[in-house]
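Engineer: just need the structure, nothing else, for what follows:
(one chain, ligands or ions: 1)
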Amino acid sequence: MNIFLQLSKTDYERQIKNIIYAFFLSAEFVACRTQEMDLALFVEILQDKISIRLENAKEEWIKEKSFSCKEEQRSIEIEQAVYEVISEAYGYILSWGILTGVRPVKIASRLMKSGVADEQIIAEYTDRRFVDAEKAKLCLSLAKTENNCLQNMPKNAVALYVHIPICPHRCKYCSFISKQSTDQYYIAQYLNALLQEIRAIGAYFSNKNILVDSLYIGGGTPALLDADMIEKLLFELVQYFDTGKMREATFEAGRADCITVEKLEAMKEGGMSRICINAQSMHNETLQSIGRGLTKEEFLHAYALARKYSFAMNVDLIYGLEGENESMFYDSLEQVISLQPENITLHTLAYKKKAKDFENKMRREREHFTGFDSAYGLLKKKGYVPYYLYRQKHAVSGGENTGFCKEGTEGIYNISVLSDRVNIIALGAGAVGKICEKNTHRIRRVDGCQEIDFYIQHIHEVIHKKRRIYEASNKVF
Ligand code: SF4
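Structural biologist: So this is what the prediction gives:
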């Protein structure tokens, strides 16, 4: 979809483009009106008068809207108007309306904190941002869950993330920074650098009396480490960080083919309370076409092994995988529910590259996609409640990622990381921490380095860089 966008002021360009991307995943913006152009959108701002005109050169139709608004309302009213002209022209609405951000729950959390009544919070979503009423209610209930989970956290508590960005196999749909390797020497080198960071940063925070509230070891594929490595990693974490009052420790085991009895024992001995084994789909033909290199039977075997260790278990499923329709996704969900994991996370596939194939696929899906309503309904019927939600840009059908849990088994780290209320200390290549400055509401990213080889070779530099950032944030730590 080639779009010519002409703005009399560039102030609202990013918001307008986000609305356009929400409708047209493959939107490409062209610099001038050409024969290849599909749509032209003109936004004219003259003092308090705004005019929006959408033209389809090929089909020769025009949609227009003009209105007056105060300057402080201009941003949202322009977004609303652009949404309305596109929605009218193409005859469909988006369940998230003009809300294009990745954390839709934040609006409810902010308003709740200011004492705004529930009905007004819902209206903020539905009336101002055209969000579907069910999604609005979901956001409000998730804001309440977040508050219940985090309100009694000690002021000196943080969430700790440890990243293992290596996988034995590259899944076709993956957009994470993760290196493919099974070379034990390379993995040991990475672990060695990571342990140095754990010791240095752990000692720094223990001296400052910082407590770990939740720990998440994620990837990549952390279960790629052998049992001795897992034992060593978990031992050093407990040695160098204060985990005495930790409420949750998750090991994202990830791929079923990496899970063994010895590794599960090392996780249990090392104090892990929650593990994730990700099915993604319960259909072997899908698993094959997405290059997962695994079967449903391997997943079931690993799940049964892990069940003996009394971990809280999470299973991920992805909606929108190549070759899957909605009923296949629903069938996978029914199979996973029958295993009774404590947590089930539903992801929507997100495309990182905007390709035309994806656009066509998304259009087709939009015609048939009934949203996650039936999946959410089934989970509710089986005793699961949503506890966290986030969105990704370029997700199939504009869908979201939602974590469900049996009551009382919310993933604390997941809630913490999305809340922007909890400081995140993140260790490892590609791991990004977060400092939440409560007084200014500023969120500062703490990024050591993205590149795994650089991390291994220059670990002292990475540690030094992070320490400098933490030292500069002495009002927080
Ligand atoms: S296991 Fe996860 S991180 Fe690794 S390649 Fe597959 S999707 Fe990406």
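Engineer: got the contact list for Arg199?
Structural biologist: Applying CB atoms under 8 Å, 6 or more residues apart in numbering, we find Arg199 in contact with Glu236, Tyr240. Any C-beta I mention is one placed from the backbone N, CA and C, and that applies to glycine too.
Engineer: how about it, phi and psi?
Structural biologist: Dihedral pair for Arg199: phi -60, psi -50, per degrees, to the nearest 10.
Engineer: quick one: it and Ala426, what's the gap?
Structural biologist: Between Arg199 and Ala426 the distance is 16 Å, computed by CB to CB, to the nearest Å.
Engineer: and for Ile50?
Structural biologist: For Ile50 relative to Ala426 (CB to CB), the value is 42 Å.
Engineer: who has more neighbours, the two?
Structural biologist: Ala426 (23 against 20; other CB atoms under 10 Å).
Engineer: beyond the helix or strand the more buried one falls within, next helix or strand please.
Structural biologist: Counting by DSSP states H and E, the element that carries Ala426 is strand 424-427. Using DSSP H and E, the next helix or strand after strand 424-427 towards the C-terminus is strand 432-437.
Engineer: partners of the next helix or strand after that next one in the sheet?
Structural biologist: Using DSSP H and E, the helix or strand that follows strand 432-437 in sequence is strand 442-447. In the sheet, strand 442-447 lines up against strand 432-437 (antiparallel) (DSSP bridges).
Engineer: got the buried residues for the partner strand?
Structural biologist: Gly433, Lys434, Ile435, Cys436 (16 or more other CB atoms under 10 Å).
Engineer: could those go into CSV alongside pLDDT and distance to Glu44?
Structural biologist: Below are the buried residues of strand 432-437 laid out as CSV (pLDDT from 0 to 100; distance: CB to CB, whole Å):
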residue, pLDDT, distance to Glu44
Gly433, 96, 43
Lys434, 95, 40
Ile435, 95, 41
Cys436, 92, 40
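Engineer: specify which member of those residues is nearest to Gln6.
Structural biologist: Closest approach to Gln6 among these (CB to CB): Lys434, at 37.9 Å.
Engineer: just give the nearest non-adjacent residue to that closest one, would you?
Structural biologist: Leaving aside its sequence neighbours, Lys434 sits nearest to Ile424 (CB to CB, 6 or more residues apart in numbering; 4.2 Å).
Engineer: cool, Glu231 as well?
Structural biologist: Nearest one to Glu231, counting by CB to CB, 6+ apart, is Ala266 at 4.5 Å.
Engineer: okay, and the one you found sits in which element?
Structural biologist: helix 261-269.
Engineer: who are the neighbours of that helix, in terms of helices and strands?
Structural biologist: Packed against helix 261-269 by the contact rule (3 or more CB pairs under 8 Å, 6 or more residues apart in numbering; DSSP states H and E) you find helix 227-240, strand 248-254, helix 296-307.
Engineer: tilt between that helix and helix 227-240?
Structural biologist: 10 degrees (axes from the mean of the first three to the mean of the last three CA atoms, to 10 degrees).
Engineer: hang on, the earlier thing: for the buried residues of strand 432-437, which one is nearest the ligand?
Structural biologist: Closest to the ligand out of the buried residues of strand 432-437 is Gly433 (19.4 Å), distances taken as CB to the nearest ligand atom.
Engineer: now do Lys70: how many residues are near it, please.
Structural biologist: Neighbour number of Lys70 under other CB under 10 Å is 8.
Engineer: return the residues in contact with the closest residue in space to it that isn't next to it in sequence.
Structural biologist: Excluding its sequence neighbours, the residue lying closest to Lys70 (CB to CB, 6+ apart) is Asp48, at 6.9 Å. Contacts here follow CB under 8 Å, 6+ apart; on that basis Asp48 touches Ser68, Cys69, Lys70, Glu71.
Engineer: quick one: which of the residues you listed has the most company?
Structural biologist: Counting by other CB under 10 Å, top hit in the contacts of Asp48: Cys69 with 17 neighbours.
Engineer: contacting residues for that residue?
Structural biologist: Asp48, Ile50, Glu77.
Engineer: ok, back up a step: and the gap between the residue nearest to Lys434 and Ser181?
Structural biologist: 26 Å.
Engineer: who has more neighbours out of these two?
Structural biologist: Ile424 (24 against 15).
Engineer: which stretch of helix or strand covers the residue nearest the centre of the chain?
Structural biologist: Nearest residue to the geometric centre of the chain (CA atoms, centre = their mean): Tyr390, 5.2 Å. Element membership for Tyr390, per DSSP H and E: strand 384-391.
Engineer: perfect, that will be all.
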